[in-house]
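Colleague: give me a 3D structure for the following:
(one chain, ligands or ions: 1)
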Amino acid sequence: MESIFVSIASYRDNELDRTITDCLAKAAHPGRLVFGINWQHDNHDFFEQLYDRQCKVIDTDYRKSRGACWARHEAQKLYAGEDYVLQIDSHMRFVHGWDLICIDGITHLQQRANRKVIISNLMPSYDPEDDQNLPQRYLTYKLGPFNEAGSIQLKASILSHPPRERFSPGYSISAAFLFSIGDLYRDVLIDPDLYFEGEEISYAVRAYTHGYDIYHCHYPIVYHYYLRKPDRKHWDDHGDWGNRSITAKNRMRSLLMGSGEAPDLGPYGLGTLRSLKEYELAASVDFKNRTVRDADAPPLLSGREGIRSKLSSGKIGTAQIDPFSYCNVKCWYCPVRYDPQPVDARRHMPIGLFEKIIADLCRERDGGGLVAPGFDFIYTAHYNEILLYRHLAQMLEVLRRYGLRSMILTNGIALVRKKVDLVAEYDDVIGGQVCINISAFERDRWIENTVGENGAKTASKNARFHRTMDNIEYAVKKLGGVSIHLNEPDPEEAEKQAGIARRMFPSVDVRMIHNLSDRAGMLHDRGVLSNQDEIERKCSGKARIVGCANTFTGIDGRHFGWLHVNALGKAILCCNDYYFDYAFGDLESNSLREVWLSEGHVDAIEKSFLEICRKCSMAVWE
Ligand code: SF4
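Modeller: Modelled structure (predicted):
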């Protein structure tokens, strides 16, 4: 049977004996418990070592005690590889079966993708004179605010009804009730030089950076005797407590704010699996500026739980399915010119797979599921030339069958008569929406901007330009609603090129696009163009990313409102995911629902908030 190490730091506390008695009596399997107790006492204190088989005791004269954190640190040393650890105060009561509740809770929470889980929270109080009537209280918790010393603590409030979820994610602990896997006591040693201030937030942040997720339980597992008015505390007996407290606050500030006088915390520093910044982002805390977001404020997307709930409660408004992600030219404003496309971009998605994805989307829409009721449009444009897709005709046929619409985004080179005629046959699908992405109408400028570096002879490049213009001319005549997107950031140059385009194709709608995307920093890094100023403006004074403003549908951004799929049927993050680094699921072998609600999707979004979106001007910061 799995064992539990119960760590107790007890200071001149006559409740210790009754706490152990209750802990054993209420456990479903008392035989699994091993107590490690730092018993700080004087001669008059009462503690019968009735449980000597199950108790390891550090017998400490209270005059030699160095405070609560030191006492917990010493008790921690008694841990001997038990499966779980329970850290409590010495004045507690328990609900029946608390050991099963804690282990089941850990097992359940581990299924959310992390083995390293802590359950810790404040708890309802009990009265030692009346401990047979433990109140059924449901608590909720929030962090903060910062006190003068620069510390924050959990605050609890009582809920009128039992909440639907037993556990919710949190970002601090209560040192008086903490349950976790045994590894916690190996990974995160309690700092003996902390005193009182900052003990809990320091341990929480250290545990988080060691990879632990903290959860609070809203239902009572243990009860705590808070008042303890007649009992002497460590600071009542130790005149030097003020010095200890100053040392402790310095250590806390060094850990959390980098501003204390203890630069080297040795084994009591941060972990290496996550950063302090990640903690701050997840918890909405800024230690240096001493701000913490009020948990009563309207809900923000917070951590994995927030991402999960937004994925399941929101709707997909639009899909970008890119059945062929390869491009035949190298426009100057596109990463294709500077970085080879990934091999997988050159695949042609089998039409059966394309139809399967479309069917999944429509099924979810029609069944009131993950897809918004108004969904009727897909994009097909991931750094590609969709007119080169081997199954273009079948693709249009599938869209027609499902009553969906799309558009053709093209550089114009492959917009040959045959393709124009095909598109014309599918007017119900394309509806004249052929958009030509181009950056110049002067021949030499077009060549330089588009195909200048492809090694072909000048005559061949010239011919290509003229063929492209012929293509546009035929498309304009045959299709009607053709538009030109003139991608040129310099307004003067854009006007010039637009003027030429309007003269060449008087009936065409020519739109000048000045704000070009640097593709999440790819083009900035290569000195091509930059969105850096805009990013800095948007993130100034903000702590974290909570979403994406890149949408045309009004339904959320790319993370939550769009489905993006590459030619292999892999769901990817967004159109800036050039290398498919944020692929999170396979729509060939799994349903849309399985992929969309998967932990892999949560991982990809969480990762994107810390990586790619930080380099993108479309990110939404809070
Ligand atoms: S990189 Fe992030 S913020 Fe930018 S478009 Fe993609 S999902 Fe949106």
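Colleague: any regions of the stretch 201-350 of the chain where pLDDT drops low?
Modeller: Where the stretch 201-350 of the chain drops to pLDDT under 70, the residues are 228-229, 260, 262, 294-302.
Colleague: nearest to the ligand: which residue in it?
Modeller: Gln320 (11.1 Å; C-beta to the nearest ligand atom). C-betas here are computed from N, CA, C, even on glycine.
Colleague: can you show me the strands along the stretch 301-450 of the chain?
Modeller: 318-321, 377-379, 405-406, 408-410, 434-438 (DSSP state E, counting those that start in this stretch).
Colleague: contacts for the last one?
Modeller: Pointing back at strand 434-438 there. With contact meaning C-beta atoms under 8 Å, 6 or more residues apart in numbering, strand 434-438 is reached by 331, 407-412, 415, 423, 446, 450, 472, 475, 479, 481-487.
Colleague: on that earlier part again, could you identify which of the strands of the stretch 301-450 of the chain is most buried?
Modeller: Stretch with highest mean neighbour count among the strands of the stretch 301-450 of the chain: strand 408-410 (a mean of 24; mean count of other C-beta atoms under 10 Å).
Colleague: distance to Asp130 added to the strands of the stretch 301-450 of the chain, as CSV?
Modeller: CSV is the format used below for the strands of the stretch 301-450 of the chain (distance: least, C-beta to C-beta, whole Å):
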stretch, distance to Asp130
strand 318-321, 60
strand 377-379, 66
strand 405-406, 70
strand 408-410, 73
strand 434-438, 75
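Colleague: between these, which gets nearest to Asn38?
Modeller: Among the strands of the stretch 301-450 of the chain, strand 318-321 comes nearest to Asn38, with 59.7 Å by C-beta to C-beta.
Colleague: tell me the strands beside the closest one, with direction?
Modeller: strand 377-379 (parallel), strand 562-565 (parallel) (DSSP bridges).
Colleague: for the ligand, which of the ones you listed is the nearest?
Modeller: Using C-beta to the nearest ligand atom, the strands paired with strand 318-321 put strand 562-565 closest to the ligand, at 8.5 Å.
Colleague: average model confidence for the closest one?
Modeller: The average pLDDT within strand 562-565 is 96.
Colleague: stretch 603-620 and the ligand in contact?
Modeller: Yes. Judged by C-beta under 6 Å from any ligand atom, stretch 603-620 comes into contact with the ligand at 608, 612-613, 616, 618-619.
Colleague: re the thing from before, so can I have CSV of the strands paired with strand 318-321 showing distance to Asp556?
Modeller: Output for the strands paired with strand 318-321, formatted as CSV (distance: least, C-beta to C-beta, whole Å):
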stretch, distance to Asp556
strand 377-379, 16
strand 562-565, 8
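Colleague: tabulate these (a markdown table), appending distance to the ligand.
Modeller: What follows is the strands paired with strand 318-321, written out as a markdown table (distance: least, C-beta to the nearest ligand atom, whole Å):
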| stretch | distance to the ligand |
| --- | --- |
| strand 377-379 | 13 |
| strand 562-565 | 8 |
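Colleague: compare those strands and give me the one nearest Cys102.
Modeller: strand 562-565 (39.1 Å).
Colleague: list of residues touching stretch 544-563?
Modeller: Contacts for stretch 544-563 (C-beta under 8 Å, 6+ apart): 280-282, 284, 300-301, 310-311, 314-321, 361, 372, 564, 571, 573-575, 592, 596, 605, 608-609, 613-614, 616, 618-622.
Colleague: returning to what we had before: partner residues bridging the residue of the stretch 201-350 of the chain closest to the ligand?
Modeller: With DSSP bridges as the rule, Gln320 is bridged to Tyr379, His564.
Colleague: return the longest helix along the chain as PDB; C-alpha atoms alone will do.
Modeller: Scanning the chain for the helix with the most residues, using DSSP state H, yields helix 458-479. What follows is helix 458-479 as a C-alpha-only set of coordinates in PDB (Å, rounded to 0.1, in the frame of the first residue of the first chain):
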ATOM      1  CA  THR A 458      16.400  37.600 -67.900                       C
ATOM      2  CA  ALA A 459      14.300  36.700 -71.000                       C
ATOM      3  CA  SER A 460      12.600  34.000 -69.100                       C
ATOM      4  CA  LYS A 461      11.800  36.300 -66.200                       C
ATOM      5  CA  ASN A 462      10.500  39.000 -68.500                       C
ATOM      6  CA  ALA A 463       8.300  36.400 -70.200                       C
ATOM      7  CA  ARG A 464       7.000  35.300 -66.800                       C
ATOM      8  CA  PHE A 465       6.000  38.800 -65.900                       C
ATOM      9  CA  HIS A 466       4.100  39.300 -69.200                       C
ATOM     10  CA  ARG A 467       2.400  35.900 -68.800                       C
ATOM     11  CA  THR A 468       1.300  36.900 -65.300                       C
ATOM     12  CA  MET A 469      -0.200  40.100 -66.500                       C
ATOM     13  CA  ASP A 470      -2.000  38.200 -69.300                       C
ATOM     14  CA  ASN A 471      -3.300  35.800 -66.600                       C
ATOM     15  CA  ILE A 472      -4.700  38.700 -64.600                       C
ATOM     16  CA  GLU A 473      -6.300  40.200 -67.600                       C
ATOM     17  CA  TYR A 474      -8.100  37.000 -68.500                       C
ATOM     18  CA  ALA A 475      -9.200  36.400 -64.900                       C
ATOM     19  CA  VAL A 476     -10.500  39.900 -64.600                       C
ATOM     20  CA  LYS A 477     -12.600  39.400 -67.800                       C
ATOM     21  CA  LYS A 478     -13.900  36.000 -66.900                       C
ATOM     22  CA  LEU A 479     -14.500  36.200 -63.200                       C
END
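Colleague: who are the packing partners of that helix?
Modeller: Contact analysis of helix 458-479 by 3 or more C-beta pairs under 8 Å, 6 or more residues apart in numbering; DSSP states H and E lists helix 417-425, strand 434-438, helix 443-446, strand 482-487, helix 491-504 as its packing neighbours.
Colleague: out of these, which is closest to Arg401?
Modeller: The nearest among the helices and strands packed on helix 458-479, by C-beta to C-beta, is helix 417-425 at 14.3 Å.
Colleague: from Met618, how far off is the residue of the stretch 401-550 of the chain found nearest the ligand?
Modeller: Residue of the stretch 401-550 of the chain nearest the ligand, by C-beta to the nearest ligand atom: Cys548 (3.1 Å). Per C-beta to C-beta, to the nearest Å, Cys548 is found 5 Å from Met618.
Colleague: so which of those two has more stuff around it?
Modeller: Cys548 (24 against 21; other C-beta atoms under 10 Å).
Colleague: mind listing what's buried along the helix or strand of the chain with the lowest mean pLDDT?
Modeller: Here the helix or strand of the chain ranked lowest by mean pLDDT, DSSP states H and E is helix 234-237, holding a mean of 75. Using 16 or more other C-beta atoms under 10 Å as the test for burial, helix 234-237 gives His234.
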